[in-house]
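Visitor: Below are the sequence and a predicted model for it; my questions follow.
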Amino acid sequence: FPSHDTTQLITATATSSIDIVIELLSGSCSSLSSMACIDQTFQGGQENLQASGLTPGQTYFIRVYGFFLAD
C-alpha cells in the first residue's frame, strides 16, 4: 500500500469453482489479529474489502482462501 493512505480497497476475483474470502490481519506472524473479513459473493464472485483506519508504515497481512460448505 502507499505509505500515506489510511484507507485501501482490497479486491480478489475467484474462478468459477471457488467461493473466496478475504481477511485483513494485523500483528506479527506468531500473534495475528483479524481486523476485517468479507464473503459476500459465491463461487466465481469478486470480493471487495474496504479497509479503513490503517496506520501508515504498519505491516498488515491479507489472507485469501476458499470457503467450503460441507454437505
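Guide: Noted; the coordinates are in hand.
Visitor: Pull out the buried positions in the host helix or strand of residue 25.
Guide: Per DSSP states H and E: residue 25 is located in strand 19-28. For strand 19-28, burial by neighbour count (16 or more other Cβ atoms under 10 Å) applies to 19-26. The way it works is simple: take the backbone N, C-alpha and C, and place the C-beta from them, glycine included.
Visitor: farthest-separated two in these?
Guide: 19 and 26 (24.8 Å; Cβ to Cβ).
Visitor: just to revisit the earlier point, ok now the helix or strand just after the strand holding residue 25, how far from the chain's centre?
Guide: Per DSSP H and E, the first helix or strand lying C-terminal to strand 19-28 is strand 31-38. Centroid displacement of strand 31-38 relative to its chain, using Cα atoms, centre = their mean, to the nearest Å, is 8 Å.
Visitor: What's the first helix or strand after strand 31-38?
Guide: strand 46-51.
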